[in-house]
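*Asks:* With the input below, show me the fold.
(chains A and B)
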Amino acid sequence: MLLVDLVRERFAAALNQMGLDGTSLSQRVTAVRDTQFGDYQANLAMSLTKQLGIQDPMQIAQDIVQRVDLSGLCEPAEIAPRGFINLKLKNSTISKALNEVAQSNRLAVHPVAKPRTYVVDYSSPNVAKPMHVGHIRSTVIGDAIAKILKFLGHKVITDNHLGDWGTQFGMIIYGYKHFLDPAAFAADPVPELSRLYRVVHQLIDWQSTEKELPKTKLAVEKAEEKLAKVQAEFGAVAATDKKAKRSIEDAQKELKNHQEKLKKLEDTTEARKQQPDLSSACDKHPDLETRVLQETAKLHAGDAENKALWDQFLPLCLESIHHIYDRLDIQFDMELGESYFHNRLGPLVQRLLDNGMAKISEGAVCVFLNGFEVPMLIRKQDGAYLYATTDLATIEYRVETFKPDAILYVVDHRQGDHFSKLFATAKQIGYDQLELNHVSFGTVLGKDGKPYKTRSGSVVGLEPLLDEAIERAFQVVESLPIPTEEKREVAQTVGLGAIKYADLVHNRTSDYVFDLEKMVRLDGHTSAYIQYSYARTCSILRNAGISMSEPIAPEVDFVLDHSAERTLALMLLKFEEVLLHVTNDYMPNLLADYLYDVSKSYSSFFEQCPVIKAETEALKQSRLALCQLTGRTIKQGLELLGINVVDRM
RNA sequence: GGUGCCAUAGCUCAGUUGGAUAGAGCAACGGAUUUCUAAUCCGUUGGUCGGGGGUUCGAGUCCCUCUGGCACUACCA
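*Replies:* This is a model prediction of the structure:
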């Protein structure tokens, strides 16, 4: 049981005596914000003045404190101005709780009383496209959430819902048929497939630029005219009339937007001139986007040639992305891509038509939703199925197969609209008991505050980033007096941890600026600092001849006289609460923050409290046990974030 | 046009169901080293929490409004 709940129980009993709802009110006993006030605070009195008809919150606080029995748990409660009740745990309470943690092989984190079944859908890249920095977030956040849920005793199925059936395959199939470099393909097929993807993508981009250019020029002209008109009409009164001023500003803004777009298109046109070969290919393959869609449609329709190419390409692509997952040390329970659900789409749509859930509108099959202006399209006019169709079929499959209580989609926030419609559709067609949750996250930005791209505008590949992080870590480790082989291992662990931690420590809903230099800096708020703290716990235990895994005694009498000892001890006891808190709203950054706090508390303890040279044997035992518990907590916590530790670094 | 998200220290970011004097890291400055790992610790400087209004005993947090930014906006995924 959580320490805070022990305290709450005592308050609940006292509040019940007063004729109040103790169970719910006692939730207002929480850890203090500011440790100068103690360990816990009860913010009850000031909110009960009306209910109790007593004006003075201090008097209510008095009443509560007189009734609450904290014996054997806390020091006598103190009442502070404005009715705060401040609590301090008895050191014996902390010592007892620490012993429970020490004797437990899971740090006294209890399996949840009501385990749920979760399907966690994360990473889910399009396999034919090269993986880039944007894929880190889904992968790392999803992995951490799944591990934490599992550790808490939930049943968790992780699924990498690969994009292996979409337009991108039409693109590489088309590229393969027209732009293949056979020698390159024979030598190493995956880079050649990536190149084909990029070529086709480039040509399509150029063609849409061609189309957009005249339109945009026209739009700029129109915006200029509009601005002139508005200025003529309102210019004279703009200084005094807010509305007039606003009209002019809007017109200016509109013009600026169109001008910027035009500039971009012109730049693209200019860049195209630098590549005459590709440019002429562009002319030879007009309306490429349609051609690509046709190749995709043929694949979906079972065309023998395209299916054979797909069968040839897919294993190659999978091998390539698995190589990255191996490096990231990420495993999935399943990898059922979109292609897996292909055969379910037709029957699903037919069933929804038959039972009246879906209707045909303008030749497309739609599910009309309450609260949404536009319906969910599940089959196009041309008979092709959509992303949404696959998603519904996937829900259907998951419910049939796993009977989950919840499905989590760890996908970036730009797909929020899609998911709210998807979930509404699912609910409407009968999945109303299922928690469908879009665990969304923000965009990875470059230092310019725009989505992270290279200078030339292409996305940044994932592997070079991993290489660089590991290389930088290696440079730091270089001087350590350990074998080269071990240095490599340390660099690997530290470099990878740096990238994962930097991603996890940010609130997932925020955009964040990707700054490799900062995250591998190895000081400040980084994983290296936490890993270093772990290595220091190992070092002390090593010097004392004690193992990390075995409890050092059946029972330790923890000495908590030094404030650094006490702070560290309380920090260690918060582990379970933090994990539960993480799963409340699927926020792994709370665990990342916690581990940093543990490390800071440990560093402070390390500076001030000699362990092996402690004044007495009893003190030494107590401090050794604190080191061991710190090490175990950090190791377990980082593991739940998908980050490893090393014994020395 | 509509919908959603965001705005906190010079920079990058935290901030729990609304709680006491708003935090961390980096940067800047000043200290600590006969070391159980200095990849460390201790201290100083730094804020009208975008503006205004409201609810509340109490608002960075909830509501309204304005400003600024981003995203999404049915036959792509």
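*Asks:* Spell out which parts of the stretch 201-350 of chain A neighbour RNA strand B.
*Replies:* Contact residues, the stretch 201-350 of chain A versus RNA strand B (C-beta under 7 Å from any atom of the strand): A:246, A:249-250, A:293, A:338. Every residue, glycine included, has its C-beta placed from N, CA and C.
*Asks:* give me that answer again for 10 Å
*Replies:* Counting by C-beta under 10 Å from any atom of the strand, the residues of the stretch 201-350 of chain A close to RNA strand B are A:242-243, A:245-246, A:249-250, A:253-254, A:256-257, A:260, A:289-290, A:292-293, A:296-297, A:300, A:337-338.
*Asks:* Can you name the element that comes right after the helix or strand of chain A with the lowest mean pLDDT?
*Replies:* When each helix and strand of chain A is scored by mean pLDDT, DSSP states H and E, helix A:242-273 comes last, with a mean of 78. Downstream of helix A:242-273, the next assigned helix or strand under DSSP states H and E is helix A:276-284.
*Asks:* and the angle from that following helix to helix A:242-273?
*Replies:* 110 degrees (axes from the mean of the first three to the mean of the last three C-alpha atoms, to 10 degrees).
*Asks:* Determine the three-state secondary structure at whatever residue of the stretch 401-550 of chain A ends up closest to RNA strand B.
*Replies:* Ranked by C-beta to the nearest atom of the strand, the top residue of the stretch 401-550 of chain A for proximity to RNA strand B is A:G524, at 2.5 Å. The three-state label given to A:G524 by DSSP: H, G, I helix; E, B strand; the rest coil is coil.
*Asks:* List the contacts of it.
*Replies:* Counting by C-beta atoms under 8 Å, 6 or more residues apart in numbering, A:G524 touches A:K518.
*Asks:* got it, and the one 10 residues further on?
*Replies:* A:Y534 makes contacts with A:631, A:634-635, A:638, A:645-646, as judged by C-beta under 8 Å, 6+ apart.
*Asks:* and the gap between the residue most central in space within chain A and RNA strand B?
*Replies:* Taking C-alpha atoms, centre = their mean as the criterion, A:I141 is the residue nearest the geometric centre of chain A, at 3.2 Å. Applying C-beta to the nearest atom of the strand, to the nearest Å, the value for A:I141 to RNA strand B is 12 Å.
*Asks:* what comes up buried for the helix or strand containing that residue?
*Replies:* Here A:I141, judged by DSSP H and E, is contained in helix A:134-151. Within helix A:134-151, the residues that count as buried by 16 or more other C-beta atoms under 10 Å are A:134-151.
*Asks:* for stretch A:102-112, same thing?
*Replies:* Buried residues in stretch A:102-112 (16+ other C-beta under 10 Å): A:102, A:107-109.
*Asks:* So what's the gap between the helix or strand harbouring A:N584 and the chain middle?
*Replies:* If you go by DSSP H and E, A:N584 is part of helix A:575-585. Mean-position distance between helix A:575-585 and its chain equals 15 Å (C-alpha atoms, centre = their mean, to the nearest Å).
*Asks:* ok so, going back, may I see the buried residues of the least confident helix or strand of chain A?
*Replies:* Buried residues in helix A:242-273, counted by 16+ other C-beta under 10 Å: A:244, A:247-248, A:251, A:254-255, A:258, A:261-262, A:265, A:268, A:272.
*Asks:* before we move on, what about stretch A:317-334?
*Replies:* A:317, A:320-321, A:324-325, A:328, A:330, A:332, A:334.
*Asks:* I'd like to know which of those residues is nearest to A:G497.
*Replies:* Comparing the buried residues of stretch A:317-334 against A:G497 with C-beta to C-beta places A:L328 closest, at 11.0 Å.
*Asks:* Now for the closest one: which residues touch it?
*Replies:* With contact set as C-beta under 8 Å, 6+ apart, A:L328 has these partners: A:139-140, A:466, A:496, A:500, A:642.
*Asks:* Over to A:K90?
*Replies:* Applying C-beta under 8 Å, 6+ apart, we find A:K90 in contact with A:72-75.
*Asks:* Apply 10 Å and report the result again.
*Replies:* A:70-75, A:96, A:560 (C-beta atoms under 10 Å, 6 or more residues apart in numbering).
*Asks:* and what of A:L408?
*Replies:* A:118-122, A:142, A:145-146, A:149, A:156, A:158, A:435-439, A:586.
*Asks:* what lines up beside the helix or strand where it lies in the sheet?
*Replies:* Using DSSP H and E, A:L408 maps to strand A:406-412. Sheet pairing for strand A:406-412, assigned by DSSP bridges, gives strand A:117-121 (parallel), strand A:435-441 (parallel).
*Asks:* mind checking how far the helix or strand just after the last one is from the chain centre?
*Replies:* Read in the C-terminal direction, the helix or strand following strand A:435-441 is strand A:444-445, with elements assigned using DSSP H and E. Strand A:444-445 has its average C-alpha position 13 Å from the chain's average C-alpha position, going by C-alpha atoms, centre = their mean.
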